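J.: need a 3D model of the following:
(one chain, ligands or ions: 2)
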Amino acid sequence: MEILSCSDKDIEKAAAALVKGKLVAFPTETVYGLGADAFNLSALAKVFAAKNRPRFDPLIIHIAEAEALDRIVDTASFEGSAFGSLARERLSILSEKLWPGPLTLILPKREELPDLATAGLATAAVRFPSHPVAQKLIRLSAGAVAAPSANPFGCLSPTRASHVCEQLGDKVDYIIDGGRTQVGIESTVMDISGEKPRILRPGGTSREAIEAFIGPVEMPSTLIMETPETPMSPGQLKSHYAPKTPLVLHRAGELALLPYAPGEGRLYFSRSEPCTADNASCENIKVLSQTGDLCEAAANLFDMLHELDSLGLKLIRAEEAPYYGLGTAINDRLRRGTSGQSGIDR
Ligand code: TXA
Ligand code: MG
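T.: Ligands and ions are numbered 1, 2, ... in the order given. Just a heads-up that it's a prediction; the model follows:
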């Protein structure tokens, strides 16, 4: 594995490697992706192997110009479906208003796109990232790059090149080091084919931002704020985005009231008191955003979890974010990170 810079020469080298079927980890505005030519079967197979990812979990295809969409998706087949013209209209609005950016759209797949990329589904997930390095790499290579987050399946997503290096090492041919990613949380995945558009995974584009352009959008009930009458059932959530250290999630405001125990790490959503208020070492206590800014909190989420996870702690206690804007995506990742552990701690 070789680490590359963001220089033109290095991006050209990485693009040439992609064309030859090698794996290149690269920065996007959300998290680092593990890239392969979307039309190269053996490169796709290497992505699943490197991540230890089950073959039934489809990849996102990254493009860097709107015209590339036609090589991957067959928008004509929208016509045959019940809400085809609605879907076509939503695609046109969302691609114009929110691309490039952290939004992935599920669209009818073109036959030529390998089934391995879409795990045999008739649809493909497509994203046009806004990161200039990602765009340049995609344009200089095949123009369609399949890229899951560059972490082993089920683990924390990488927001720095060093995270990719530590988690995947020589399973990757090249890593382009573009520094820390800006958004810090994966793209929002949306299905626009039904009567109502649906968010399948909340992420870096908020539901509110999408609704401003296309009206009401559905979100699975498990992602919407839980009330005391409908308690969370962590056992039902698939473990994903998990640190190695057990993670416990607390309701907003609860964590500051809980006495600090030695060997514990804490991830507050916001908190103005100094960490010494917890009587703990400051490196064990992280605050996603002192001012409660959701974008700042999302950008810090995986980064701070990686840091806490490296300290050899017994437990990490995290606090929920508010359930709006990027808070929904933050809470989704935190809740999935707790699965298999003790879940929410009341
Ligand atoms: O921000 C991101 O989306 C990052 C960067 C690298 O672009 N990528 C990323 O990929 O998070 P990954 O593979 O970790 O997550 C892709 C998600 C998975 O939950 C997958 O199941 C879903 O997208 N997905 C992909 N294709 C799909 C399809 N055809 N239908 C439904 N879900 C799909
Ligand atoms: Mg992932």
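J.: remind me which residues of this structure are low pLDDT?
T.: Low-confidence segments of the chain (pLDDT under 70): 221-239, 339-346.
J.: dump the residue contacts of the closest residue to Ser281 other than its chain neighbours.
T.: Excluding its sequence neighbours, the residue lying closest to Ser281 (Cβ to Cβ, 6 or more residues apart in numbering) is Cys275, at 7.8 Å. Using the backbone N, CA and C atoms, a C-beta is placed for each residue, glycine as well. By Cβ atoms under 8 Å, 6 or more residues apart in numbering, the residues touching Cys275 are Ser281, Cys282, Asn284, Ile285.
J.: only whichever of these are buried, select them in PyMOL.
T.: Burial among the contacts of Cys275 is assessed by 16 or more other Cβ atoms under 10 Å; the matching PyMOL selection reads:
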select buried, resi 284+285
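J.: JSON lines for the contacts of Cys275, including distance to ligand 1 and secondary structure?
T.: JSON lines is the format used below for the contacts of Cys275 (distance: Cβ to the nearest ligand atom, whole Å; DSSP: H, G, I helix; E, B strand; the rest coil):
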{"residue": "Ser281", "distance to ligand 1": "33", "secondary structure": "coil"}
{"residue": "Cys282", "distance to ligand 1": "31", "secondary structure": "helix"}
{"residue": "Asn284", "distance to ligand 1": "28", "secondary structure": "helix"}
{"residue": "Ile285", "distance to ligand 1": "28", "secondary structure": "strand"}
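J.: partners of Ile61 in the sheet?
T.: Val126, Ala146 (DSSP bridges).
J.: burial check on it, number of neighbours?
T.: By other Cβ atoms under 10 Å, 27 other residues sit near Ile61.
J.: hmm, it is touching Pro129, no?
T.: No - assessed by Cβ atoms under 8 Å, Ile61 is found out of contact with Pro129, at 11.3 Å.
J.: find the nearest non-adjacent residue to the residue in the stretch 201-346 of the chain that ligand 1 sits nearest to, please.
T.: Residue of the stretch 201-346 of the chain nearest ligand 1, by Cβ to the nearest ligand atom: Arg201 (5.4 Å). The shortest distance from Arg201 to any non-neighbouring residue, by Cβ to Cβ, 6+ apart, is to Val189 (4.0 Å).
J.: and the one you found, backbone torsions?
T.: Torsion angles at Val189 (phi, psi; degrees, to the nearest 10) stand at phi -100, psi 130.
J.: ok, now Asn151?
T.: Dihedral pair for Asn151: phi -140, psi 160, per degrees, to the nearest 10.
J.: residues touching it, list them.
T.: Residues counted as contacts of Asn151 (Cβ under 8 Å, 6+ apart) are Lys51, Ser157, Pro158, His163, Val164, Gln167, Leu168.
J.: correct me if wrong: Arg198 contacts Ile210.
T.: No - using Cβ under 8 Å, Arg198 is not in contact with Ile210, being 10.7 Å away.
J.: what is in contact with those two at once?
T.: Common neighbours of Arg198 and Ile210, counting by Cβ under 8 Å, 6+ apart, are Met190, Val217.
J.: pick out whichever of these two has more residues nearby.
T.: Set side by side, Arg198 and Ile210 show more neighbours around Ile210, with 23 against 16, by other Cβ under 10 Å.
J.: the more buried one contacts Leu94, doesn't it?
T.: Yes - between Ile210 and Leu94 a contact is recorded at 7.2 Å, counting by Cβ under 8 Å.
J.: any common contacting residues for these two?
T.: Common neighbours of Ile210 and Leu94 (Cβ under 8 Å, 6+ apart) are Leu103, Met190.
J.: where do the strands sit along the stretch 151-300 of the chain?
T.: 174-176, 188-191, 198-201, 247-250, 264-268, 285-287 (DSSP state E, counting those that start in this stretch).
J.: those: which one's closest to Val47?
T.: Val47 lies closest, by Cβ to Cβ, to one member of the strands of the stretch 151-300 of the chain: strand 174-176, at 13.8 Å.
J.: report whether the closest one contacts ligand 1.
T.: No - Strand 174-176 is not in contact with ligand 1 by Cβ under 6 Å from any ligand atom; minimum separation 12.4 Å.
J.: distance from the chain centre to that strand, please.
T.: Taking Cα atoms, centre = their mean, to the nearest Å, one finds the center of strand 174-176 at 19 Å from the center of the full chain.
J.: strand partners (parallel or antiparallel) of that strand?
T.: strand 2-4 (parallel), strand 24-26 (parallel).
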